[in-house]
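*Asks:* Here's my sequence, what's the structure:
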Amino acid sequence: MSPTRTPQPDRPRTILVLDADPEERVRICSVLERAGFTAVGAASPSAPDAPLQSASMLLVHEAIAPIVAGQLEGLSPTVRPIVVVRGQPTEASVTAAYARGCDDFVSASATDVELIGRVRGQLRSRDSFDRIARKQQDAQAMLELTQALASSLDFSEIMHTVVRRIADVVNVDRASIVLAPDGTEALAVGYVVATSDDREIANLQIELDKYPEIVEVLKTRQPLTIADTATHPVLDGVRESVPDLAVGALTLFPIVWQEDAMGVLFLRSAIKGALNPRETDFCRIVANTTAVALRNARVMQSLRDQTQKVNYARFEAERRLRALKRYANLFTSAADGLAAVDQDGRMLFANPRAYEIAGIPEEEARGHALRRLVHPSDQSRLLEIWRRVRAGDYPHGVDLRLTRPDGTALVVSCSFSALLESEGAVLLSFRDVTLERGTAADLVQTKDFLESLIEASVDAIIAATLDGKILLFNSGAERIYGYEKSQVIGKRHVTELYPEGGAKEVMRLLRSPSHGGEGRLSSIRFDAVDCHGTTLPIMLSAAIIYDDSGAPFATVGIFTDLREKLRTEERLAHAQQKLAVSEKQALIAELA
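*Replies:* Below you'll find the model as predicted:
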C-alpha cells in the first residue's frame, strides 16, 4: 500500500538572517518585516532557533558563509533555500561567495531599499524556477503515462498506472478510478477498478446513490471540486456517512469518450481546499488520455472475448466430435452393463456386458420389460425407484436381485441417470456384485460369531491402543473388574486395570523375546486392580496386534481370575494338613 500523500503548502516566505552582530541582525529583521516578510534571526546556522531547512532565503554575513555552504551542500535545487551573502564587496569576497554557491552578493553598506529589492528579485526568480520545474515534472509524468498507456492493453494495468502516476504528481490521500455502468443501465452501481493506496482493490461494486458527487459528474460530464465536504450542497443527504477527519476535500474529473461518460477520476484529501491550476490541468489531461486508452482497452477486450468465444466453440465442436468417435467403442467395451430404458421401463438398447449379465440375447432385449428380470421379492423396491426416477430423482448404488432366464439369481448394483438428448429415456448402469455381497455377508456373520465368542468367554478379554485407550471390554472383564463397558471403553486408561507400574511391566514383557517371543506373552501369574482398588490375582496372556504393514497398533490380553482357584488350593492344603495330623495321632495310639 502506498504511503498517504497529504497536500503541502507553497514554499514559505521565511527569511533567515545569519549575523553574529545582534544589533545588525535585529535591524535587518525589522527592515524585512516592514517589507512584509517573515524574518528570523540567528547568530549561526547551528543555533537551535535557526530554521535552516525550512527557510525560503538565507541572508548570511560573509563571515558565516563558509559554514552555511557546508551545511547546504548536496541539497536539490528545488529544496535548497536562496542564499544571499552580505559583506564588503571586494573582488576576493564576491568571488569566494559565488564559488560557495551563493545566489547573490549584497554590499553591507547597501541601503534598505536596495536590500529589499534584491530580496524580492531573488524570490521572483525562485518562483519562476519552481514553476518551470513543476511544468517539467508534469510533462515528464505525462510522457511516462502516455507511453505506459500506449504500450499496454491490459485493463487492470492501465487503471493502476493512471492512479499511481496521479498520486506521484498531485498531493492527495487517495486517487481512484470509478467506472460507470453501460449506457443501457441506470446509474445505480459503479465499480472502483483501481486505487493508488491499495493494489488489491479491483472491480469493487459501490451503490451510486451513496455517492451523489459521482452521479453529478457523470451527468454533467464536468469536473467537480468540493473544497469543504462539511458545507458543499452536493453532499446534502449523505453528509453523515462522510468521515469528517478522513475526508476534507474531493475533486472529481469525468472520463469522457465522444460525449459518453465512461467513469470518474476521484481524488480525496484529508485537508480542505481545492487543487491549484497546475494540478487541475494535469488531472484533466490525464482523464482525457485515460478515456482514449480505456476505449482502446475495451475494444481490444471485446475482440479478445469474441476470439475466445470462437475458439471455445471450435474446441467444443472438436471435442464432441472426438467423443462421438469414441462413443461406440466406449459403450461396447464398458465393464459395467449399460442400458437405455424408456419411461415405461422397457429396454431400448444396451451394451454386450448388459446382455451377458441379464442372460438374454440382443435380439430379444429390445422392448424387454425391466420388471421381468427383477426378483419377485424386489418388485416393490423397483416400483419405488421408478417413482423417484419419474420425479427427476435418480438413485445411485441401489442393489436389486435379478433372475436370469436359466433360473440363476444375481445381485446387481444399479445407478440411474437421465439420458442426454433423449426425452424421457433413462440410462441404467449396473454391475454384478453377487460375490461381493456374499463375501460381505460372510464377513458380517464371522464378525457376529467372533463377538459372541468373546462375550461368552468366562475370562476377561481386553484390547487397547498403544497409548492405553481401551477398545474392547467383554462380559468376563465386567465380572472380574466390576466395571460396566460403558464406564470403560473410550473413558478409562488401561493403566487403571493394574497396580502402579503394572501396565508398563506388561509392555516390557511383550517386547521381550523371553516370554513366548517378541510381541507375545505366555501365561504368567500377575496382579490386577478391580473397580474398588482391590488387588486381584490373575493369569495373564497377551499379544501385540500388527497392521498389514507390520506396524503395531494395539494390544490384547486374556485375564483368568485365580481367586477361586487359590481358595480351592488353600482348602485342599488345609484338608491335607488335617489328614496328616489324624494319621499321626492314629499311629501314636496304635503304638501305645
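*Asks:* any low-confidence regions in the stretch 451-592 of the chain?
*Replies:* Residue ranges of the stretch 451-592 of the chain with pLDDT under 70: 592.
*Asks:* what's near enough to touch the most centrally placed residue in the chain?
*Replies:* The residue lying closest to the centre of the chain (C-alpha atoms, centre = their mean) is residue 200, at 13.0 Å. For residue 200, no contacting residues are found, by C-beta atoms under 8 Å, 6 or more residues apart in numbering. Just so you know, the C-beta spots here come from the backbone N, C-alpha and C atoms, and that holds for glycine as well.
*Asks:* Can you tell me which helices and strands the helix or strand of the chain with the lowest mean pLDDT packs against?
*Replies:* Within the chain, confidence by mean pLDDT, DSSP states H and E is lowest for helix 277-333 among all helices and strands, at a mean of 74. On a contact count with 3 or more C-beta pairs under 8 Å, 6 or more residues apart in numbering; DSSP states H and E, helix 277-333 meets helix 112-150, helix 155-169, strand 249-257, strand 260-269.
*Asks:* can you put these in CSV and add mean neighbour count?
*Replies:* Shown next, in CSV, are the helices and strands packed on helix 277-333 (neighbours: other C-beta atoms under 10 Å):
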stretch, mean neighbour count
helix 112-150, 14
helix 155-169, 20
strand 249-257, 23
strand 260-269, 22
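*Asks:* and the ones you listed as a markdown table, adding distance to residue 551 and mean pLDDT?
*Replies:* Shown next, in a markdown table, are those (distance: least, C-beta to C-beta, whole Å; pLDDT from 0 to 100):
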| stretch | distance to residue 551 | mean pLDDT |
| --- | --- | --- |
| helix 112-150 | 62 | 77 |
| helix 155-169 | 53 | 76 |
| strand 249-257 | 68 | 87 |
| strand 260-269 | 64 | 85 |
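*Asks:* Tell me which of these lies nearest to residue 90.
*Replies:* helix 112-150 (18.1 Å; C-beta to C-beta).
*Asks:* and the closest one with helix 277-333, angle?
*Replies:* 20 degrees (axes from the mean of the first three to the mean of the last three C-alpha atoms, to 10 degrees).
*Asks:* Buried by neighbour count: which residues of stretch 503-513 qualify?
*Replies:* Neighbour counts using 16 or more other C-beta atoms under 10 Å place 503, 506, 507, 509, 510 of stretch 503-513 among the buried residues.
*Asks:* err, stretch 342-354, not the other one
*Replies:* Buried-residue list, stretch 342-354, by 16+ other C-beta under 10 Å: 345, 346, 347, 350, 351, 353, 354.
*Asks:* Check stretch 585-592 too.
*Replies:* Under 16+ other C-beta under 10 Å, stretch 585-592 has no buried positions.
*Asks:* Tell me how the protein divides into domains.
*Replies:* Using automatic domain parsing, the domain parsing of the chain gives 14-134, 152-303, 334-432, 458-561.
*Asks:* Reformat these as TSV; add distance to residue 309.
*Replies:* Formatted as TSV, the domains of the chain follow (distance: least, C-beta to C-beta, whole Å):
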stretch	distance to residue 309
domain 14-134	48
domain 152-303	11
domain 334-432	23
domain 458-561	53
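*Asks:* that older thread, wait, which of the buried residues of stretch 342-354 is closest to residue 143?
*Replies:* residue 351 (70.7 Å).
*Asks:* Please verify my assumption that the closest one contacts residue 335.
*Replies:* No. Taking contacts as C-beta atoms under 8 Å, residue 351 lies outside contact range of residue 335: 9.9 Å.
*Asks:* gap between the least confident helix or strand of the chain and the chain center?
*Replies:* 28 Å (C-alpha atoms, centre = their mean, to the nearest Å).
*Asks:* Okay, angle between that helix and strand 260-269 too, please.
*Replies:* Using the same axes, to 10 degrees: helix 277-333 against strand 260-269 is 120 degrees.
*Asks:* Next, the angle from helix 277-333 to helix 155-169.
*Replies:* Using the same axes, to 10 degrees: helix 277-333 against helix 155-169 is 160 degrees.
*Asks:* Can you name the element that comes right after helix 277-333?
*Replies:* strand 337-341 (DSSP states H and E).
*Asks:* what's around the spatially closest residue to residue 107 that is not a sequence neighbour, how many residues?
*Replies:* Spatially, and ignoring its direct neighbours in sequence, residue 107 is nearest to residue 89 (4.6 Å; C-beta to C-beta, 6 or more residues apart in numbering). For residue 89, the count of nearby residues is 15 (other C-beta atoms under 10 Å).
*Asks:* Which pLDDT does the model give residue 89?
*Replies:* With respect to pLDDT, residue 89 has a value of 88.
*Asks:* mind checking the SS state of it?
*Replies:* In three-state terms, and counting by DSSP: H, G, I helix; E, B strand; the rest coil, residue 89 is coil.
*Asks:* Next up, phi/psi of it, please.
*Replies:* Main-chain torsions, residue 89, degrees, to the nearest 10: phi -80, psi 60.
*Asks:* picking up where we left off before, and the residue nearest to the centre of the chain, which of the three is it?
*Replies:* Relying on three-state DSSP, one would call residue 200 coil.
*Asks:* returning to that earlier point: closest to residue 313 out of the helices and strands packed on helix 277-333?
*Replies:* When those are ranked by proximity to residue 313 (C-beta to C-beta), helix 155-169 comes first, at 23.9 Å.
*Asks:* what's that closest one packed up against?
*Replies:* Counting contacts by 3+ C-beta pairs under 8 Å, 6+ apart, helix 155-169 packs against helix 112-150, strand 174-179, strand 189-195, strand 260-269, helix 277-333.
*Asks:* Which strands and helices lie in contact with the shortest one?
*Replies:* Read that as strand 174-179. By 3+ C-beta pairs under 8 Å, 6+ apart, strand 174-179 packs against helix 155-169, strand 189-195, strand 260-269.
*Asks:* Strand 189-195 and the last one, what's the angle between them?
*Replies:* In other words, strand 260-269. Strand 260-269 runs at 60 degrees relative to strand 189-195, counting by the same axes, to 10 degrees.
*Asks:* strand partners of strand 260-269, parallel vs antiparallel please.
*Replies:* Here strand 260-269 has these sheet partners by DSSP bridges: strand 174-179 (antiparallel), strand 249-257 (antiparallel).
*Asks:* Tabulate those strands (CSV), appending distance to residue 446.
*Replies:* Listed next are these as CSV, based on distance: least, C-beta to C-beta, whole Å:
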stretch, distance to residue 446
strand 174-179, 71
strand 249-257, 78
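*Asks:* With respect to residue 484, which of those strands lies nearest?
*Replies:* strand 174-179 (69.9 Å).
*Asks:* what does that closest one contact?
*Replies:* Contacts with strand 174-179, where a contact means C-beta under 8 Å, 6+ apart, come from 159, 162-163, 166-167, 190-197, 206, 211, 214, 255, 262-268, 290.
*Asks:* That'll do, ta.
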